[in-house]
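Engineer: turn this into a structure:
(2 chains)
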Amino acid sequence: DAGVIQSPRHEVTEMGQEVTLRCKPISGHDYLFWYRQTMMRGLELLIYFNNNVPIDDSGMPEDRFSAKMPNASFSTLKIQPSEPRDSAVYFCASRVSVNSPLHFGNGTRLTVT
Amino acid sequence: GENVGLHLPTLSVQEGDNSIINCAYSNSASDYFIWYKQESGKGPQFIIDIRSNMDKRQGQRVTVLLNKTVKHLSLQIAATQPGDSAVYFCAEYTNAGKSTFGDGTTLTVKP
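Structural biologist: Here you go, the predicted structure:
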């Protein structure tokens, strides 16, 4: 099993540009999570899906952020327009059931200048 | 400039010593707890978990203790090795599976 796969690993963009982060969860995992990690706030849950349906998006900072999961093997997190304060490492994670461990990808380091 | 980020607890131990990392959780209704290890440039990795109907669970070189009375979780690492140097997070599961992470503890193992 290749684990959770995220792309790109690094993204550098200018303020105002659209950014799309991608995630492929582990096959058979019904839950998918997007987290953001910064020195200021630690690991913050942004949104999570169960069977491709968004369950809780209360952590999404504002309308500039959106996430989709069109099928069981793919999810995107989009920021439009991006701002310097969005600079962080964004992690995708998946798990097989409600009370089971999360499996994290290696993250996308986003820098917005 | 001044560092106004999280002030992560730090623990420095000598190679071969035992390490104890502590975590306080917030929700008395949480029923599942996990310890993760995060190395530089990687995502958090699962170490060990424990359910609320237990107070102790052992793995290979690691033990997790749960005290529900004071909402406290600890991770014990036996015979700590340089490869154990990382940031350690506890996570609690609330609201039917929503997982919330603590701030993390940085463990440094001196050879």
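Engineer: smallest distance to chain A belongs to which residue of chain B?
Structural biologist: Nearest to chain A in chain B, going by CB to the nearest CB, is residue B:43, at a distance of 3.0 Å. In short, each C-beta sits where N, CA and C put it, glycine included.
Engineer: which strand or helix spans the most centrally placed residue in chain A?
Structural biologist: Per CA atoms, centre = their mean, the C-alpha nearest to the average position across chain A is that of residue A:34, at 3.3 Å. Element membership of residue A:34, judged by DSSP states H and E, is strand A:31-38.
Engineer: ok, is that strand in contact with chain B or not?
Structural biologist: Yes: interface with chain B: strand A:31-38 contributes A:31, A:33, A:35, A:38 (CB under 8 Å from any CB of the partner chain).
Engineer: cool, stretch A:43-60 as well?
Structural biologist: Yes: using CB under 8 Å from any CB, stretch A:43-60 comes into contact with chain B via A:43, A:45, A:48, A:56.
Engineer: now, which of those residues lie within strands?
Structural biologist: A:43, A:45, A:48, A:56 (DSSP state E).
Engineer: closest one of the residues you listed to residue A:93?
Structural biologist: Within those, the smallest distance to residue A:93 is 8.7 Å, found for residue A:48 (CB to CB).
Engineer: give the contact list for that closest one.
Structural biologist: Neighbour list for residue A:48: A:31-34, A:54-56, B:98 [criterion: CB atoms under 8 Å, 6 or more residues apart in numbering or on different chains].
Engineer: find the nearest non-adjacent residue to residue A:53, please.
Structural biologist: Nearest non-adjacent residue to residue A:53, counting by CB to CB, 6 or more residues apart in numbering or on different chains: residue A:69, 7.8 Å away.
Engineer: report the distance from the helix or strand that that neighbour is a member of to the chain centre.
Structural biologist: In the assignment (DSSP H and E), residue A:69 maps to strand A:65-71. Centroid separation between strand A:65-71 and its chain, computed with CA atoms, centre = their mean, to the nearest Å, is 9 Å.
Engineer: helices or strands up against that strand?
Structural biologist: With contacts defined as 3 or more CB pairs under 8 Å, 6 or more residues apart in numbering or on different chains; DSSP states H and E, strand A:65-71 has these neighbours: strand A:42-50, strand A:53-56, strand A:74-79.
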